[in-house]
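Novice: Just need the structure, nothing else, for what follows:
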Amino acid sequence: MSASLRSPNKQYADIGDAENPHRRVILLLDMDCFYAQCETIRMGLDQSLPLALVQWNSALAVNYPARKFGIKRGDSYEVIQAKSKGKCVAIHLQVTPVDEALPKKSPHDPEESSSPCKEQPKLEGDDSGEISSSPQREEQSSSLNDDAEEVDSSQSAYDEEFNQPKDVREEMYRIEKNRMRSPSEGKACLDRYRLASSCIFSLIDETLAESLGRQNYILERASIDELFIDVTAFCYQS
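Specialist: You can find the predicted model right below:
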């Protein structure tokens, strides 16, 4: 990403210190129904379409149109269909197949994932009905340009994932609509959502730099879909 988390510098020394903590001005950006919106955009769906993101027959994220049917995190595919009378679409979390062609490793070799995805945490829904990793959100307090994620945030990568032609999107939707998956098929992959998150945070950073000046704010990512913005310097500038 272009700019990253910047540590407070000397200009913050006398603003919002231990004696005056309430003088800090910090905003929280929390992207609504992030995972469901990613899938809606990726497949070019109407935002009024009830949609639930599912992993291994358990709802992890539910958009607002689907919530009107009483669908909630943890509902099975069968329950989702019953509550919505078949009107809610279930899209399964991306699954990356494990390459069975790879040679078997010696028991003395260090373990590595055979999936192209860099990380495959076991996912659980958090209290907001969205995805988080167990036991804690893996993106917590990480830098916006964390090299560990190794996610290509270029425009071409985003376009390849989210800006396919209409006929391609329609075919993806036809194939993925209400298709349930099994853990035996592979591993859960978050790369799609990390890519969207990275591009969105980059846009936010570029917009703030242009409107406030880079010296007047600090960004810190709280999770894949949450961002803290410290604008103390901008609010107290003379």
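Novice: contacts, neighbours, all on C-alpha from now
Specialist: Noted.
Novice: Quick check: which helices or strands does the helix or strand hosting A61 pack against?
Specialist: Per DSSP states H and E: A61 is located in strand 58-62. Packing partners of strand 58-62 (3 or more CA pairs under 8 Å, 6 or more residues apart in numbering; DSSP states H and E): helix 34-42, strand 51-55, strand 123-125.
Novice: Mean confidence (pLDDT) on the longest one, please.
Specialist: Throughout helix 34-42, pLDDT has a mean value of 94.
Novice: quick one: buried residues of it?
Specialist: F34, Y35, A36, Q37, C38, E39, T40, R42 (16 or more other CA atoms under 10 Å).
Novice: now those in CSV, with distance to C235?
Specialist: Compiled in CSV, the buried residues of helix 34-42 are given as follows (distance: CA to CA, whole Å):
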residue, distance to C235
F34, 29
Y35, 33
A36, 35
Q37, 32
C38, 33
E39, 37
T40, 37
R42, 37
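Novice: who's in contact with Y64?
Specialist: Applying CA atoms under 8 Å, 6 or more residues apart in numbering to Y64 gives the contacts C33, P50.
Novice: Try it again at 10 Å.
Specialist: For Y64, the contacting residues are D32, C33, A36, Q47, S48, L49, P50, L51, A52, G70, I71, by CA atoms under 10 Å, 6 or more residues apart in numbering.
Novice: what would those look like in CSV with distance to S182?
Specialist: Output for the contacts of Y64, formatted as CSV (distance: CA to CA, whole Å):
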residue, distance to S182
D32, 28
C33, 24
A36, 20
Q47, 27
S48, 28
L49, 25
P50, 23
L51, 20
A52, 17
G70, 25
I71, 22
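Novice: Specify which member of those residues is nearest to L195.
Specialist: Comparing those against L195 with CA to CA picks out A36 as the nearest, at 14.5 Å.
Novice: Look up how far F69 lies from that closest one.
Specialist: The gap separating A36 from F69 is 16 Å, by CA to CA, to the nearest Å.
Novice: Equivalent analysis for E210, please.
Specialist: Taking CA to CA, one finds E210 at 43 Å from F69.
Novice: Between these two, tell me which one has more neighbours.
Specialist: Remark: of E210 and F69, F69 carries more neighbours, 17 against 10, as counted by other CA atoms under 10 Å.
Novice: and F228, helix, strand or coil?
Specialist: Under DSSP: H, G, I helix; E, B strand; the rest coil, F228 falls in the strand class.
Novice: Since that was my last question, I'll sign off now.
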